[in-house]
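# Provide a 3D model corresponding to the input given below.
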Amino acid sequence: MIIKNHPSRYHQRREELMIKKYKSIFEDFVNALDEALETFNVFFTLGKDEKKPNQLLFCHIVNNFDSFINKIYKEIVSDNPELSKEYFKRKRNLEDKATLQEIIAIEEYGIRAWIKEVALEQAEEDIKNKRHAQKLAALTKNLKMPKLYVCLSGTGNTSSGCLKKTPSKIKSVNHKTNSEELIGFADVLYEKRNAITHNRNMYQKKVIQRLNQEWKININSASIIVKRDSIKSVIRFYASACLEMISLLKTIPLVQVKSDFLNLKDFKPIKHISNILISGRWSKFSQRSQKTFTYSDYRNFFPKASESTIRRDIKSLKKDGVITEKSKNGKKILYEIT
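This next block holds a predicted model:
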């Protein structure tokens, strides 16, 4: 006798897989910000506000956020039956007859799985044809994100790049060339990235016209300059946006997602980013049963992290007294959890 899986078990397993996918996407993005911060710290140590390195780092961060948007949006399409149907209808006319190949696919995988596959193909095509700001607008709409604004100047929780619920009453000089609307701010960042990557650090005239008209700003210089403070602002902005999206993903238990990011709201001020990420990694690693470990053990536990990140973790954990050097075996140091 064949016993079918209990519906509650099926939904529980589906939910677990969904959590895993979302967590993986968010973790990849946070790791990218972590690496960007480490690179930023190297620049800061050198003591020079160099033009080219700043531009390369800026573009790297923006590219990672664009990729993050693509991945999250496709997952939302996949998990939202209504959105899947909407994209399916764009791809297929319901009056069209299915081909033999499609009939076989429907028979093999089921009608729902086939609809989802067709919908994702259309969603990917839609994403390719949208500008960065349009993709972000579609994502925030489906997340039902309230209208948020970006701090363009300030300190602490109002530092440049942090999010707030209301627009500024008093406009700063930065408001002339940057929108404080979340989508507008992201739009300007991506067009800067395009100018650096494709147009020798210069806005195209049509881009300036579009940005000025769409976001009611006044960019009057085609030249792109990326300074150290600009990178700080970018990291704060994307970290803040990341937190807002996590809080709105009600399809997954947020406690499980947030546990890997700890107090992500503290991720916004740049001085806290490093410590929070180290604490998050250590929280995972310290759950092992072993009380001693080597550098290689820690390194292999986080294959996506760079060597500089691992070295920084070990140094910070030693400084804070979380671990101590127990003994040396040749060139290998054995660390012990205190």
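
# so where is the protein shaky, pLDDT-wise?
1-12, 14-15, 48, 92-97, 100-106, 109, 111, 250-280, 329-331 (pLDDT under 70).

# now the helices for the stretch 1-150 of the chain?
Ranges of helices in the stretch 1-150 of the chain, per DSSP state H, counting those that start in this stretch, are 7-46, 51-79, 81-91, 100-109, 111-129, 132-142.

# okay if I get these as CSV plus distance to Lys206 and mean neighbour count?
C-beta: built from backbone N, CA, C; applies to glycine. Below are those laid out as CSV (distance: least, Cβ to Cβ, whole Å; neighbours: other Cβ atoms under 10 Å):
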stretch, distance to Lys206, mean neighbour count
helix 7-46, 30, 15
helix 51-79, 20, 19
helix 81-91, 28, 15
helix 100-109, 42, 12
helix 111-129, 18, 16
helix 132-142, 15, 18
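
# select, out of these, the one closest to Phe301.
Of all those, helix 7-46 sits nearest to Phe301, with 13.4 Å by Cβ to Cβ.

# who are the packing partners of the closest one?
If you count contacts as 3 or more Cβ pairs under 8 Å, 6 or more residues apart in numbering; DSSP states H and E, helix 7-46 packs onto helix 51-79, helix 228-248, helix 254-258, helix 270-285, helix 307-319.

# nearest to Phe29, of the ones you listed?
Phe29 lies closest to helix 51-79 among these, at 4.4 Å (Cβ to Cβ).

# I'd like to know how far the nearest residue to Ile61 once chain neighbours are set aside sits from Ile246.
Distance criterion Cβ to Cβ, 6 or more residues apart in numbering; nearest residue to Ile61, sequence neighbours excluded, is Ala36 at 5.0 Å. Per Cβ to Cβ, to the nearest Å, Ala36 is found 19 Å from Ile246.

# distance to Ser172 added to the helices of the stretch 1-150 of the chain, as TSV?
What follows is the helices of the stretch 1-150 of the chain, written out as TSV (distance: least, Cβ to Cβ, whole Å):
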stretch	distance to Ser172
helix 7-46	23
helix 51-79	21
helix 81-91	38
helix 100-109	55
helix 111-129	34
helix 132-142	22
